[in-house]
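*Asks:* I would like the atomic coordinates for the input below:
(2 chains)
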Number of protein chains: 2
Amino acid sequence: MAKEKKLVEQITSMDVDFAQWYTDVVKKAELIDYSSVKGCMIIKPAGYAIWENIQKELDRRFKETGVENVYMPMFIPESLLEKEKDHVEGFAPEVAWVTHGGLQPLQERLCVRPTSETLFCDFYKNLIQSYRDLPKNYNQWCSVVRWEKETRPFLRSREFLWQEGHTIHATAEEAEARTLQMLNVYADFLEDELAIPVVKGQKTEKEKFAGAEATYTIEALMHDGKALQSGTSHNFGDGFAKAFDITYTDKNNQLVHPFQTSWGMTTRLIGAIIMVHGDDSGLKLPPHIAPVQAMIIPIRQQAEGVLEKANEVLAALGAKGVRARLDDSDKSPGWKFSEQEMRGIPVRIELGPKDIEAGQCVVVRRDTREKIVMALDEVAEKLPELLETIQKDMFETAKAHRDAHITDVTDYETFKDAVEHKPGFIRGMWCGDQACEDKIKEETTATSRCMPFVQERISDVCVCCGKPAKKLVFWGKAY
Amino acid sequence: MAKEKKLVEQITSMDVDFAQWYTDVVKKAELIDYSSVKGCMIIKPAGYAIWENIQKELDRRFKETGVENVYMPMFIPESLLEKEKDHVEGFAPEVAWVTHGGLQPLQERLCVRPTSETLFCDFYKNLIQSYRDLPKNYNQWCSVVRWEKETRPFLRSREFLWQEGHTIHATAEEAEARTLQMLNVYADFLEDELAIPVVKGQKTEKEKFAGAEATYTIEALMHDGKALQSGTSHNFGDGFAKAFDITYTDKNNQLVHPFQTSWGMTTRLIGAIIMVHGDDSGLKLPPHIAPVQAMIIPIRQQAEGVLEKANEVLAALGAKGVRARLDDSDKSPGWKFSEQEMRGIPVRIELGPKDIEAGQCVVVRRDTREKIVMALDEVAEKLPELLETIQKDMFETAKAHRDAHITDVTDYETFKDAVEHKPGFIRGMWCGDQACEDKIKEETTATSRCMPFVQERISDVCVCCGKPAKKLVFWGKAY
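*Replies:* Reported below is the predicted structural model:
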């Protein structure tokens, strides 16, 4: 019974220690394991299956917009990384360097890609000759490496999985349109599939991507009131094209530079799911993304007919497209309940001899713990609808929590008080001067999350310096 | 017209120079591009889409056998790689070494995984405690690095994409059964989906995987008569478990070592498709794996009603599940025909004003060039069946070619003559002594491809030394 004991230890309450709660959930939902390589994690089947569902649905949405997948080398020669000045300054301090191939030292060291703008530029330089070759809307699914000092599963690790889209266009307008289009794909994906409400906006100059003209972001609020940057889309203008000497012949037979974008989302999304939806019993997966949507748990499974009926329900659910499983292991039902809750499976279906006699079963929602008695011959019919209800309710719950954690402030004293005592987004006007951003970050640890697309004028002066305000900004502590 | 001219240059004839033919097809079918990183390739959309179809179907077949996907770090600490003696000897000379993270030298250097046995062992050591934790049937899709000196697109590159399955079992019998099960999954996949006939067999001691007790292989014959090892499955016995001190408590409460397997297939399969099916006009893709199965090419597309009808056919094909595209670009029809042929799209559908008047279209098979006149209102109905016919015919053609290129030999003179003058597999008996294998390789460049599961006794003596024969072996030159 040693193992059973270990599993039922309490998950630390999120109100007591949110960071420990997060670590407990990640471990007890069996999403990851630590590895011998410091700062790198092992993604276990329950975690990887979530990533596979994210990939499948995002990839489908990308392809609907005309995106094609490619694969670029994982190594970047040092001289290539150095071609764009801002970019190399942003990434060189945190890359891993390969210096030997086999038994020989390399003539030029190679970094393991932290991101692949430079490789795509090098590729496009040869590929693009004429306006007929444009646009290219390419994406790749791969892993990247950034040598972070402090790491946390999914949120920040030295290696992580992601997709990176890299597009190239004839005009600045087309590049800007693609940058925004992909941000909208990201926002819709988070809201529709992960049940996570987002704020869409633009990063300030200080917070934008190394080498970009403009960075757009979707920001989500975690349960503890901290923000998580959940996806970014960058418009490079023709800066990279100039640095890499990419040109094409336009319709007027002139040699000109094309315009580029890039956009990415990562396994960090799994961290967002945990911290937006989870509770003290563990993970709560939105049904759209849950690898297992319904777990059938038999009561007194050794009694005649119980497993037979459970298997019938399993088959009926499968026929309706519900991702269902039956837990017929020799653990106790209570044990199975707590496993299903920790793992965040959206519903469990309890089924014992008395239920079968009454022609019914008990369906328990993970999100609300509501128990619903359903006729056995209706459960397969009704479950898809119930899963949709759970999906919607989880979004509404997250949105209500997010909206209840937005504080509007108009002066610096109130700002500082809000950062300290009101976890969540802080909305405050900004003069546009980086000095104010720097001061706020230094004095409060809050950063500018974004300048939201939906601008309001909640005051006429900057919340920090009192000079005339230019932009409404969402501020907050962030992961 | 500069570009048009470039494209219609002849592909080198395979009879003149097979290696150059291969390179031409890879480039002109737009499967890859070379990169700034020597020995690493860029997989372009047309190439990557084939890999995506391979992944989708293989992954489905894996999961049907109970396999779950995970993701392990891409780095292996040097001390971990060194734990199994044969394994480190096999791989250490060809790995890439990371020595710096960010601006700091690492305390211990890390290799970029050439394969992940050591990482899985390290993982399993903590994961597996009791017989209840067994088996684990894990797989990962990732890229690996081997610092090869000579590289060729898809066949041998410094980085390549693959899947690597790593399973762990309570008994030797179960491990052996899983090793063979996965080899059969591979063989069925090649024959059913890639239309490539294979020989299933066991590698000799000399040719087996570094650290394995037994390596099983599927060997395919390329058009030039060389063999390509297309997938391998390894039984490790408890060798790795002992080296890594992996133990579990069995049902009798004894601490014992578990048994392990691994199995992998790579982007090399795309090379196999090219070299088994291709011809002097370019690639020929088997319909099951072709990203585009039918290309509709309008004739006189500016004439009234042509594009309208072409779009109708496109929609009707899509509704029947055919992956169809319409090429309505402003290139000439002849140009489009030659592109479709180079890219290996299994059928093209020609459709002009006269066809529409007659209520018909012309369907041209890529594999046989046969032209089939079909009624416009039947083409969507008939095409899935035609694609199945093409798939079967391509397999039969490849099998006939393979079978016509197997030479049975019983003495060494004939053996040497066959290696030189009869491209293909050579079947010859072997005494089981590695000295004969070494001699054959040195004197003829042919290697033992496998000891086939289906054994025959075509002679009583070893084809090399004349001593009593133990095994029938398939020999051949190989990629």
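*Asks:* the helices in the stretch 51-200 of chain A, which residues?
*Replies:* Listed in chain order, the helices of the stretch 51-200 of chain A (DSSP state H, counting those that start in this stretch) span A:78-81, A:85-91, A:117-127, A:172-192.
*Asks:* swap in the stretch 351-479 of chain A?
*Replies:* Assigned by DSSP H, counting those that start in this stretch, the stretch 351-479 of chain A shows helices spanning A:353-357, A:379-403, A:412-421, A:434-444.
*Asks:* is it possible to export those helices to a markdown table including mean neighbour count?
*Replies:* Yep, even glycine has a C-beta here, placed from its N, CA and C like the rest. Converted to a markdown table, the helices of the stretch 351-479 of chain A look like this (neighbours: other CB atoms under 10 Å in any protein chain shown):
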| stretch | mean neighbour count |
| --- | --- |
| helix A:353-357 | 15 |
| helix A:379-403 | 17 |
| helix A:412-421 | 16 |
| helix A:434-444 | 16 |
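*Asks:* before we move on, the earlier item: which of the helices of the stretch 51-200 of chain A sits most buried?
*Replies:* Among those, helix A:117-127 has the highest mean neighbour count (mean count of other CB atoms under 10 Å in any protein chain shown), at a mean of 23.
*Asks:* ok, back up a step: export the helices of the stretch 351-479 of chain A to TSV and tack on distance to chain B and mean pLDDT?
*Replies:* Putting those into TSV (distance: least, CB to the nearest CB, whole Å; pLDDT from 0 to 100) gives the following:
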stretch	distance to chain B	mean pLDDT
helix A:353-357	27	96
helix A:379-403	22	98
helix A:412-421	30	97
helix A:434-444	22	97
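*Asks:* what sits against A:Gly239?
*Replies:* If you count contacts by CB atoms under 8 Å, 6 or more residues apart in numbering or on different chains, A:Gly239 has them with A:84, A:211-213.
*Asks:* ok, back up a step: mean pLDDT lowest for which of the helices of the stretch 51-200 of chain A?
*Replies:* The stretch with the lowest mean pLDDT among those is helix A:85-91, at a mean of 86.
*Asks:* other SSEs contacting that one?
*Replies:* Here helix A:85-91 touches helix A:78-81, going by 3 or more CB pairs under 8 Å, 6 or more residues apart in numbering or on different chains; DSSP states H and E.
*Asks:* which strands or helices does the helix it packs on pack on?
*Replies:* If contacts are counted by 3+ CB pairs under 8 Å, 6+ apart, helix A:78-81 sits against helix A:85-91, strand A:104-112, helix A:117-127.
*Asks:* wait, which of the helices of the stretch 351-479 of chain A is closest to A:Val199?
*Replies:* Among the helices of the stretch 351-479 of chain A, the nearest to A:Val199 by CB to CB is helix A:379-403 (8.5 Å).
*Asks:* the closest one versus helix A:172-192: what angle between them?
*Replies:* 120 degrees (axes from the mean of the first three to the mean of the last three CA atoms, to 10 degrees).
*Asks:* and helix A:379-403, how far out from the chain's middle?
*Replies:* Distance of helix A:379-403 from the chain centroid (CA atoms, centre = their mean, to the nearest Å) equals 19 Å.
*Asks:* circling back to that earlier point, between the helices and strands packed on helix A:78-81, which gets nearest to A:Leu307?
*Replies:* Closest approach to A:Leu307 among the helices and strands packed on helix A:78-81 (CB to CB): strand A:104-112, 49.9 Å.
*Asks:* what's near enough to touch whichever residue of the stretch 151-300 of chain A sits closest to chain B?
*Replies:* Ranking the residues of the stretch 151-300 of chain A by distance to chain B (CB to the nearest CB) places A:Glu159 first, at 5.8 Å. Listed by CB under 8 Å, 6+ apart, the contact set of A:Glu159 reads A:39-40, A:143-145, B:73-75.
*Asks:* swap the cut-off to 10 Å and go again
*Replies:* A:35, A:37, A:39-41, A:96, A:112, A:143-148, A:151, A:267, B:71-75 (CB atoms under 10 Å, 6 or more residues apart in numbering or on different chains).
*Asks:* give me the subset of those lying in strands.
*Replies:* A:41, A:96, A:112, A:143-145, B:75 (DSSP state E).
*Asks:* which one of those is nearest to A:Arg323?
*Replies:* A:Arg323 has its nearest neighbour among these in A:Met41, at 24.9 Å by CB to CB.
*Asks:* stretch A:11-23 close to chain B?
*Replies:* No. Remark: stretch A:11-23 sits outside contact range of chain B, by CB under 10 Å from any CB of the partner chain, the gap being at least 16.6 Å.
*Asks:* wait, is A:Arg325 part of a strand?
*Replies:* Yes. According to DSSP: H, G, I helix; E, B strand; the rest coil, A:Arg325 belongs to a strand.
*Asks:* out of the helices and strands packed on helix A:78-81, which gets nearest to B:Lys27?
*Replies:* Proximity to B:Lys27 (CB to CB) singles out helix A:117-127 among the helices and strands packed on helix A:78-81, at 12.0 Å.
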